[in-house]
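Participant: pasting a predicted model and its sequence here:
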Amino acid sequence: MHWDHATFAQELHSSKVSKDYKRVKALLSSVAEDNYWRREHFGRIPRTIPVSYHEAGERFRPRSAPLPVISFSRMDTADALLALGRQRGRKVCALNFANGKDAGGGYKNGASAQEEDLCRRIPLLYSSLLGAKKEGLYPFGPPTCPSTGQPEKFRDVLYTTNLVVGRASQEEGYRILHRDEQATVSLVAAAAPNLKFGSDVNDAQLIYQTMVNIFRAPHLWEPGINTLILGAWGCGAFGGDPSRIAGLFLQALLKDGCGQGYEEVHFAIPQFTPEDPNYAAAFISQEHGIHRIHNEPKRLASRDSFLSTTCPDEESLAAGISFPPNRLLHDQHLLHMDQLLEDISHAPHRLHAEVAHRRRDAFHQVALAQGYLSEEDESDADELDGKLYTEKYYHDNGNLKYFQTYLRLPPTVTQRACERVVEEKHFDVDGVCRLDVHFALGQPFLSRKHFYPNQRMKSEKLFFVEDERTMQARKAGHWREYYEGGQIKSEIVYDEHGVRNGFCKRYGIDGSQEWVKDYTKACCSFKFQ
């Protein structure tokens with residue numbers, strides 16, 4: 001049976017460009033059908049087994065071993081399985097972001113989440129998961145949990161061995177790989193709570209215990225596994241908080257020693273388009289541990305190239321700061337602040353490293369070292385001093401699609417360093433601004449304006465911002481809607497507490513006032529004929 005990967009890739013690309021999503025799904029579904037007919041080509045269907053959290057806890061014996069190397073890449077899970085699984089001496093297991101209700105999620109229907117892509121790249125995976133469903137192993141995970149006091153199978157996972165990664169990436173049209181290109185791997189399937197489209201229990205302790213089971217399952221069923229591939233589990237379609245998930249994973253790895261027994265734990269976190277959320281930044285910017293970066297998918301960084309995650313600047317992370325091995329995390333805790341500053345001062349790629357030797361307030365030194373401030377600059381933020389920076393994205397025709405301007409806030413005694421959007425504009429394919437969100441520096445108000453294609457105002461809203469770091473905001477000031485001709489259609493006034501104050505008005509297209517409600521005068525209503 002012949003698979004024309006070149007034609008498939010071309011058709012898929014053209015369907016995406018034309019936004020023919022029905023055709024995209026049909027093409028992806030055809031991969032599932034082809035996998036079914038050629039399943040015998042990849043050997044026997046392996047059996048998927050359940051790993052109960054309680055049973056794993058009773059059987060698991062902690063290992064006395066060094067902490068693993070922790071690494072990151074922009075690869076997706078299947079590409080990471082190939083890149084690492086083909087290396088001599090590696091035995092690799094990866095996390096499958098599983099659907100706890102339906103085996104393989106929407107694989108047969110052409111869905112494109114992580115589990116579905118794994119099913120396309122690993123032709124026998126879906127058949128194995130379907131066999132597990134026939135054995136009664138579904139549902140598992142959060143769908144079985146009615147409340148935090150009744151976890152049921154929330155923390156249970158499924159484990160599958162002897163799976164062959166038999167297809168290349170979507171960009172290559174899911175080309176059938178030659179035997180010397182394939183990799184035999186294992187998968188641990190864990191279901192995250194669906195926070196966006198479901199009503200699953202969202203409990204940090206249960207999520208953390210699931211992570212512990214993810215680390216334990218390979219050790220129990222395949223003690224030779226030495227490389228574990230993780231990712232932004234539950235942070236995509238399910239709406240999980242990437243900072244929270246990253247913090248829990250790193251707590252398990254570095255504080256509670258769940259990573260002991262693995263030589264490397266690798267986080268594969270792709271970003272397919274500039275518009276996709278940058279989950280990798282949330283994982284990299286966590287303040288727990290020392291991380292090694294894979295600068296290129298096919299050429300892994302050396303084991304001496306480490307990075308401190310106290311720095312949230314991804315560009316400087318990519319520079320690859322080297323720390324002497326004898327200065328690294330001797331007792332599973334973060335490096336002492338002074339030691340960290342001294343190491344940063346010796347990093348050749350750090351612009352403001354020299355300030356680390358000056359004995360000022362420790363947090364101010366970190367701000368200087370990370371480029372949030374300059375020594376002599378006490379002016380308002382701007383692009384030149386690095387306090388502001390702008391990211392721009394473009395339509396296929398070259399016109400600006402949108403830009404975001406960020407303010408970089410340095411760390412303080414009570415707050416981590418962070419970045420906040422202060423201005424954002426979106427443009428249509430013709431270059432017309434359709435959305436303008438602006439936060440005036442030093443002012444507690446956020447302005448949001450929408451425009452019609454003819455550049456007339458569509459709506460304008462004003463928010464009062466309580467917390468300048470988190471951008472927590474509530475309604476304030478004028479809320480107006482406009483007709484396409486530019487006349488006001490309706491308006492409402494709110495005070496800084498989000499309470500309607502003053503009036504609500506509605507206007508006709510000719511500008512005449514049709515209706516008003518005055519909240520300053522005992523909420524009397526008037527209707528104009």
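Facilitator: Nice, thanks for sending it over.

Participant: find the nearest non-adjacent residue to Asp436, please.
Facilitator: With Cβ to Cβ, 6 or more residues apart in numbering as the criterion, Asp436 has its nearest non-adjacent residue at 4.5 Å, and that residue is Lys449. C-beta coordinates here come from the backbone N, C-alpha and C atoms, glycine included.

Participant: list the buried ones in stretch 202-212?
Facilitator: Asn202, Asp203, Leu206, Ile207, Tyr208, Gln209, Thr210, Met211, Val212 (16 or more other Cβ atoms under 10 Å).

Participant: gap between it and the chain center?
Facilitator: In terms of Cα atoms, centre = their mean, to the nearest Å, the centre of stretch 202-212 is found 18 Å from the chain centre.

Participant: kindly report the same for stretch 233-245.
Facilitator: 6 Å.

Participant: do the same with stretch 186-193
Facilitator: Distance of stretch 186-193 from its chain centroid, counting by Cα atoms, centre = their mean, is 17 Å.

Participant: repeat for stretch 31-40
Facilitator: 31 Å.

Participant: residues of that stretch that come out buried?
Facilitator: Quick answer for stretch 31-40 (16+ other Cβ under 10 Å): Val31, Ala32, Asp34, Asn35, Arg39.

Participant: other residues contacting it?
Facilitator: Contact with stretch 31-40 is made by 1, 3, 45, 107-108, 110, 119-120, 123-124, 126-127, 167, 174, 176, as judged by Cβ atoms under 8 Å, 6 or more residues apart in numbering.

Participant: for these, work out which two are farthest apart.
Facilitator: Farthest pair in these (Cβ to Cβ) is Ile45 and Gly110. Separation: 22.2 Å.

Participant: which residues touch the residue nearest to Tyr174 when sequence neighbours are not counted?
Facilitator: Nearest non-adjacent residue to Tyr174, counting by Cβ to Cβ, 6+ apart: Arg167, 4.5 Å away. Going by Cβ under 8 Å, 6+ apart, Arg167 touches Val31, Arg120, Arg121, Ile122, Pro123, Tyr174, Arg175, Ile176, Leu177.

Participant: returning to that earlier point: next, count neighbours for the residue nearest to Asp436.
Facilitator: Lys449: 19 surrounding residues under other Cβ atoms under 10 Å.

Participant: got a pLDDT number for it?
Facilitator: Note on Lys449: pLDDT of 84.

Participant: just to check, it is in contact with His426?
Facilitator: No: Lys449 is beyond contact range of His426, at 10.8 Å (criterion: Cβ atoms under 8 Å).

Participant: spit out the residues that contact the two alike.
Facilitator: Contacts common to Lys449 and His426, judged by Cβ under 8 Å, 6+ apart, are Leu435.

Participant: now, which of the buried residues of stretch 202-212 sits nearest Asp156?
Facilitator: The closest of the buried residues of stretch 202-212 to Asp156 turns out to be Thr210 (Cβ to Cβ; 8.2 Å).

Participant: what distance do you get for the closest one to Asn99?
Facilitator: Relative to Asn99, Thr210 is positioned 15 Å away (Cβ to Cβ, to the nearest Å).

Participant: now do Arg63
Facilitator: 32 Å.

Participant: higher neighbour count, those two?
Facilitator: Between Arg63 and Asn99, counted using other Cβ under 10 Å, the more crowded position is Asn99 (26 against 11).

Participant: surely the more buried one meets Glu115?
Facilitator: Yes: the pair Asn99 / Glu115 is scored as a contact, 6.1 Å apart, by Cβ under 8 Å.

Participant: overlap of the contact sets of those two?
Facilitator: With Cβ under 8 Å, 6+ apart as the test, Asn99 and Glu115 both reach Gly105.

Participant: and the closest residue to Arg500 other than its chain neighbours, what's its pLDDT?
Facilitator: Spatial nearest neighbour of Arg500, excluding adjacent residues (Cβ to Cβ, 6+ apart): Tyr519 at 5.3 Å. As predicted, Tyr519 sits at a pLDDT of 71.

Participant: burial count for Tyr519?
Facilitator: Applying other Cβ under 10 Å, I find that Tyr519 has 17 neighbouring residues.

Participant: quick check: it touching Asp495?
Facilitator: No: assessed by Cβ under 8 Å, Tyr519 is found out of contact with Asp495, at 9.7 Å.

Participant: okay, and the common contacts of the two?
Facilitator: Between them, Tyr519 and Asp495 share the contacting residues Asn501, judged by Cβ under 8 Å, 6+ apart.

Participant: so where is the stretch 251-400 of the chain shaky, pLDDT-wise?
Facilitator: Across the stretch 251-400 of the chain, the ranges flagged by pLDDT under 70 are 272-278, 281-282, 284-387.

Participant: about what we covered before: from the buried residues of stretch 31-40, which land in strands?
Facilitator: Among the buried residues of stretch 31-40, no member falls in strands (DSSP state E).

Participant: domain ranges for this protein?
Facilitator: Split into domains by the TED database, the chain comes to 5-287, 387-528.

Participant: check the ones you listed for me and report the most buried one.
Facilitator: domain 5-287 (a mean of 19; mean count of other Cβ atoms under 10 Å).

Participant: distance from the chain centre to that one, please.
Facilitator: The answer for domain 5-287 is 14 Å, by Cα atoms, centre = their mean.

Participant: show me where pLDDT drops low in the stretch 401-529 of the chain?
Facilitator: 408-420, 440-444, 465-472, 520-529.

Participant: so where do the strands sit in it?
Facilitator: Assigned strands in the stretch 401-529 of the chain, in chain order: 418-427, 433-439, 445-451, 457-467, 472-475, 477-482, 488-494, 500-507, 513-518, 524-527 (criterion: DSSP state E, counting those that start in this stretch).

Participant: nearest to Ser73, of those?
Facilitator: strand 418-427 (22.5 Å).

Participant: quick check: angle from that closest one to strand 433-439?
Facilitator: Here the directions of strand 418-427 and strand 433-439 differ by 150 degrees (axes from the mean of the first three to the mean of the last three Cα atoms, to 10 degrees).

Participant: partner strands of strand 418-427, with direction?
Facilitator: Using DSSP bridges, the strands paired with strand 418-427 are strand 400-409 (antiparallel), strand 433-439 (antiparallel).

Participant: would you list those strands in a markdown table and tack on distance to Gly257?
Facilitator: A markdown table is the format used below for the strands paired with strand 418-427 (distance: least, Cβ to Cβ, whole Å):
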| stretch | distance to Gly257 |
| --- | --- |
| strand 400-409 | 33 |
| strand 433-439 | 43 |
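
Participant: right, and those strands - which one's nearest His13?
Facilitator: Of all the strands paired with strand 418-427, it is strand 400-409 that lies closest to His13, at 19.0 Å by Cβ to Cβ.

Participant: residue contacts, the residue nearest to Arg500?
Facilitator: Going by Cβ under 8 Å, 6+ apart, Tyr519 touches Arg500, Asn501, Gly502, Phe503, Cys504.

Participant: ditto for Leu130
Facilitator: Leu130 neighbours (Cβ under 8 Å, 6+ apart): Ala103, Gly104.

Participant: same question for the one 3 residues further on.
Facilitator: For Lys133, the set of contacting residues under the criterion of Cβ under 8 Å, 6+ apart consists of Ala103.

Participant: please report phi then psi for it.
Facilitator: Main-chain dihedrals, Lys133, degrees, to the nearest 10: phi -70, psi -40.

Participant: okay, the contacts of Arg167 in JSON lines with secondary structure next?
Facilitator: Output for those, formatted as JSON lines (DSSP: H, G, I helix; E, B strand; the rest coil):
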{"residue": "Val31", "secondary structure": "helix"}
{"residue": "Arg120", "secondary structure": "helix"}
{"residue": "Arg121", "secondary structure": "helix"}
{"residue": "Ile122", "secondary structure": "coil"}
{"residue": "Pro123", "secondary structure": "coil"}
{"residue": "Tyr174", "secondary structure": "coil"}
{"residue": "Arg175", "secondary structure": "coil"}
{"residue": "Ile176", "secondary structure": "strand"}
{"residue": "Leu177", "secondary structure": "coil"}
